[in-house]
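Q: Quick one, fold the following:
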Amino acid sequence: MKKSTASARSSKTPRDQNSREPAVVAPTLEDADIVAERLQSNLSQFWGYPGFRALQRESMSLVMSDRDSLVVLPTGGGKSLCYQVPAITRNGLALVISPLISLMKDQVDSLQSVGISAACINSTQSTRDKMEVADKIRRKELKLLYIAPERLVQTKTVEFLQGAGVSFVAIDEAHCISQWGHDFRPEYRQLRNLKSIFPGVSVHGYTATATEQVRADIIEQLGLTNAEILVGSFDRPNLQYRVERRSDAIGQIQRILNRHKGESGVIYCISRKNVDATSEALNRLGHKTLPYHAGMSDESRSKNQEAFIDEDVNIIVATVAFGMGIDKSNVRFVIHAEMPRSLENYQQESGRAGRDGLEAECVLLYAANDVDTWEFLMQDTEDPAVLKAGRDALQAIKQYCVSTRCRHNQLVEHFGQSLEADNCGACDFCLKEMEAVSDPLITGQKILSCVVRQGERFGAAYTAQVLRGSRAKRIVENGHDKISTWGLMKDESEPQLRNWIDQLTSQGFLRQAGEFNCLEVTPNGRQLLKGLITPTLLRARVADSATAVEDQWAGVNRDLFEELRGMRGRLAIQKHVPPYIIFGDATLRDLARHRPTKLASLIAIHGIGARKQQEFGPVVLFTIKQWCEANGVESDVDLDTVARPRISERPTSERRASSVSDSKASEYFDLFEQGLSMEDVAHQLDRSLDTVSKYLGSYMETHRLTEIGTWIVPSVQDRVDEAIGQLGSERLKPLFDYLKSEVAYAHIRIVVIAWNLRQSEDS
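A: The predicted model follows:
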């Protein structure tokens, strides 16, 4: 079993059902670099993404070479593309195993929206629907088929698919196969038969959250041998993490919602009862929310989920039953109104925010009794090992809640990784929303002294009440209104005192013991009482507004963004798909930032590939032009920073190659002169990006062109120029490796040719 690790960051992706098939690669025969070029070409053509994200190229290469793999990438890291792009790049039918009907539907809708032939088989379909899918498979018209694990092992299904030319099998949400994972599903255990059902066909698992133990269990349960394991960074730098002790849940939630007016978000509760109560309370306060939990009828759950996906309602209040099947990219906040059961669960559930790579906020509200609730729910667990693992997981998430360290660091450390920087710049600690107490030693001594004077026989809530000077009946009966620490901290709120008690516990100065979690002072606590050790104590400040990880709204006209959101909603209704299938928020921001008015410029906008350019381009351009004219706002702003500006330095006649006799080259050259990008030319002429780049190189050399902003964005030029400065321009492969496979060979080739032309001019 082999293993690779890397840090994950950002990316771009489509295909037209009426257009030609994408470039087909014979994975065992093609050169690896050519395979990568064709993968990149399809990624750009169909999805509109300019390059691979971390580990995508490596993962796709494993699929292309029929080598089993397990890929762990964070939510929003582009896992689906790791099997979708190879599926359309090679021959045959890719079989995708997915746990939820809603997840299948979202994936199929998304693929079809960019022109890729995909379908699913599930229990909600009619017999006729299933027969139509089967006919498409027989006619070799499908590239991807989504299916549930329990259906896959049915005898008739197996026999049919064995003759369907399955190219490879992808298992989505692969952590479901492990009993050590946070969402174990027994039906996934049956997937260990895949290797015997489809002999010689490679199997690939994909998940966002898997510890080393879970990864090993997945490999074992699937019966994979010599599988490659790729593990990306578990960090989600675009997410802001905050933790608050729960004191006034509805009030705290309302403050968070005020920071996200008009935006989509999820609020998680542990129990069905709390889901209903929270949703009703927020609705009475004027927020429009819907509940979602297993106690509702299938029809009600489906109706509420669809309303959230279609943006008829922005806020869903749910148990953990909600979420895995949701591919909604523009969730801007996730609130846990109660503590989740593990850090794995928290990583998965909070990770549903900001899947589009834009900023999002994740807030966890916790209280001590959340642990009791989860332990009560686990009491029917019969397996001692599973029960112990569950309790250990609870302690880990509790420690996360009460610790005094960077949230991002804590999360990645749990999965065996670390961040390079001590300050993530995206959590309550690193954003200085937790103020250091001016005299932590004295504060700590007051609290510990109170615990000692109470005989170390009472819990945190009781201790906080004594310190505040409460005359509750129990305190008076115990005579604790007479001890010296009674009322010693009466100016502090009870939640703040509880917070400090938690912090002292997490740092090992206090411990909870016995059935009633009585506080006891540890040996380190005794040292603190003597003034020999000073604790770290922080005072929470309420965040009035969520500070952006980076200014991802820079240059965006927010009024036009809202206008484009309305346009997106109308298109979604017409197409009967969720709005984010039409365009993600990142695409709308890019459009509202650069405000293009020419069709050729759209292909350079994030998330707009050839299919969406053709299908939605006219209405997008009309909306932008009409709005800009009506509001006196400049259009076509800074397009040279994202798009390919048309060549206008010299007359066409001067730029045309008089010596070109090859009609094929002339065909390419004419398109280059029109200012088309390499991707546009590849699409129009049905050629790979690599082929187009070679003709473009000839075109540049013929006309001695060194200005390449039309084809290569400045940031990529700068990166390749830096690499050339380090390694020279003789060979492309060293440059490709130096750039960590993040820049396509076609783009490197063009920068190298421009570099060499400049050098020859200077010499």
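
Q: Just the buried positions in the one helix or strand Leu161 maps to, please.
A: Using DSSP states H and E, the secondary-structure element containing Leu161 is helix 155-162. Applying a neighbour-count criterion of 16 or more other Cβ atoms under 10 Å, one finds Leu161 buried in helix 155-162. The C-beta positions use only the backbone N, C-alpha and C, and glycine is treated the same way.

Q: mind saving the C-alpha coords of it as PDB?
A: What follows is helix 155-162, C-alpha atoms only, in PDB (Å, rounded to 0.1, in the frame of the first residue of the first chain):
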ATOM      1  CA  THR A 155     -27.700 -10.300  -9.100                       C
ATOM      2  CA  LYS A 156     -29.600  -8.800 -12.100                       C
ATOM      3  CA  THR A 157     -27.700  -5.500 -11.700                       C
ATOM      4  CA  VAL A 158     -24.300  -7.200 -11.500                       C
ATOM      5  CA  GLU A 159     -25.000  -9.400 -14.500                       C
ATOM      6  CA  PHE A 160     -26.100  -6.400 -16.600                       C
ATOM      7  CA  LEU A 161     -23.200  -4.200 -15.600                       C
ATOM      8  CA  GLN A 162     -20.600  -7.000 -16.200                       C
END
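
Q: so what does that helix touch, helix or strand wise?
A: Where contact means 3 or more Cβ pairs under 8 Å, 6 or more residues apart in numbering; DSSP states H and E, helix 155-162 is packed against helix 127-138, helix 149-152.

Q: got the angle between that helix and helix 127-138?
A: Note on geometry: by axes from the mean of the first three to the mean of the last three Cα atoms, to 10 degrees, helix 155-162 and helix 127-138 are set 30 degrees apart in direction.

Q: So what touches helix 155-162?
A: Applying Cβ atoms under 8 Å, 6 or more residues apart in numbering, the contact partners of helix 155-162 are 95, 121, 134, 137, 147, 151-152, 197-198.

Q: at 7 Å instead, please
A: Counting by Cβ atoms under 7 Å, 6 or more residues apart in numbering, the neighbours of helix 155-162 from elsewhere in the structure are 95, 134, 151, 197.

Q: Buried ones in the helix or strand encompassing Gln759, by neighbour count?
A: Using DSSP H and E, the secondary-structure element containing Gln759 is helix 745-762. By neighbour count with 16+ other Cβ under 10 Å, helix 745-762 contains the buried residues 745-757.

Q: Neighbour-wise, give me the winner out of the contacts of helix 155-162.
A: Top of the contacts of helix 155-162 by neighbour number is Leu95, holding 24 neighbours under the definition other Cβ atoms under 10 Å.

Q: How many residues are close by Glu667?
A: Summarising burial for Glu667: neighbours were counted as other Cβ under 10 Å, giving 13.

Q: And Met131, by the same measure?
A: Neighbouring residues of Met131 were enumerated by other Cβ under 10 Å; the total is 11.

Q: and if you look at Trp553?
A: In terms of burial, Trp553 registers 15 neighbours under the definition other Cβ under 10 Å.

Q: mind showing which ranges of the stretch 151-300 of the chain have poor pLDDT?
A: Under the criterion pLDDT under 70, the flagged ranges of the stretch 151-300 of the chain are 179-186.

Q: can I get the helices and strands packed on helix 155-162 in JSON lines with distance to Gln717?
A: Compiled in JSON lines, these are given as follows (distance: least, Cβ to Cβ, whole Å):
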{"stretch": "helix 127-138", "distance to Gln717": "44"}
{"stretch": "helix 149-152", "distance to Gln717": "47"}
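
Q: Quick check: which of those helices is buried the most?
A: Between the helices and strands packed on helix 155-162, the one whose residues have the most neighbours on average, counting mean count of other Cβ atoms under 10 Å, is helix 149-152 (a mean of 18).

Q: for this structure, which helix is longest?
A: Counting residues, the longest helix in the chain under DSSP state H turns out to be helix 610-631.

Q: Contacts for it next, please.
A: When contacts are defined by Cβ under 7 Å, 6+ apart, helix 610-631 is touched by residues 14-16, 45-46, 48, 114-115, 560, 563-564, 567, 571, 582, 591, 595-597, 599, 602-603, 635, 683.

Q: From those, which land in helices?
A: 45-46, 560, 563-564, 567, 571, 582, 591, 599, 602, 683.

Q: which of the residues you listed tops the neighbour count?
A: Of these, with other Cβ under 10 Å as the count, Gln45 tops at 29 neighbours.

Q: Could you tell me the per-residue confidence at it?
A: Each residue has a pLDDT score; the one for Gln45 is 84.

Q: Then Pro86?
A: Model confidence at Pro86, given as pLDDT, is 95.

Q: any idea which element it lies in?
A: Under DSSP H and E, the secondary-structure element containing Pro86 is helix 79-89.

Q: what's the following helix or strand after that helix?
A: Scanning the chain past helix 79-89 towards its C-terminal end, the next helix or strand to appear is strand 93-97 (assignment: DSSP H and E).

Q: how much does that following strand deviate in direction from helix 127-138?
A: Strand 93-97 runs at 140 degrees relative to helix 127-138, counting by the same axes, to 10 degrees.

Q: same question for strand 93-97, mean pLDDT?
A: For strand 93-97, the mean per-residue pLDDT is 94.

Q: Mind listing residues that contact that strand?
A: The list of residues contacting strand 93-97 from outside it, by Cβ under 7 Å, 6+ apart, reads 83, 87, 137, 142-147, 149, 152, 161, 164-172, 191.

Q: So which of those sit within helices?
A: The helices in this structure, assigned by DSSP H, contain 83, 87, 137, 149, 152, 161 from these.

Q: And the helices in the stretch 451-600 of the chain, which stretches?
A: Taking DSSP state H, counting those that start in this stretch as the criterion, the stretch 451-600 of the chain contains helices spanning 460-468, 473-477, 494-506, 523-529, 558-575, 579-582, 585-594, 599-602.

Q: hang on, the earlier thing: pull the CA atoms of the longest helix of the chain into PDB?
A: Taking C-alpha atoms only, helix 610-631 is exported to PDB below (Å, rounded to 0.1, in the frame of the first residue of the first chain):
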ATOM      1  CA  ALA A 610     -17.700  26.000 -23.500                       C
ATOM      2  CA  ARG A 611     -21.200  24.600 -22.900                       C
ATOM      3  CA  LYS A 612     -22.200  27.300 -20.400                       C
ATOM      4  CA  GLN A 613     -20.700  30.000 -22.600                       C
ATOM      5  CA  GLN A 614     -22.900  28.800 -25.500                       C
ATOM      6  CA  GLU A 615     -26.000  28.100 -23.500                       C
ATOM      7  CA  PHE A 616     -26.100  31.000 -21.000                       C
ATOM      8  CA  GLY A 617     -23.800  33.600 -22.700                       C
ATOM      9  CA  PRO A 618     -26.400  35.700 -24.400                       C
ATOM     10  CA  VAL A 619     -28.600  36.200 -21.300                       C
ATOM     11  CA  VAL A 620     -25.600  36.900 -19.100                       C
ATOM     12  CA  LEU A 621     -24.200  39.500 -21.500                       C
ATOM     13  CA  PHE A 622     -27.600  41.100 -21.900                       C
ATOM     14  CA  THR A 623     -28.100  41.300 -18.100                       C
ATOM     15  CA  ILE A 624     -24.700  42.900 -17.600                       C
ATOM     16  CA  LYS A 625     -25.000  45.300 -20.500                       C
ATOM     17  CA  GLN A 626     -28.500  46.400 -19.600                       C
ATOM     18  CA  TRP A 627     -27.600  46.800 -15.900                       C
ATOM     19  CA  CYS A 628     -24.400  48.700 -16.600                       C
ATOM     20  CA  GLU A 629     -26.100  51.100 -19.000                       C
ATOM     21  CA  ALA A 630     -29.000  51.700 -16.700                       C
ATOM     22  CA  ASN A 631     -26.700  52.500 -13.700                       C
END
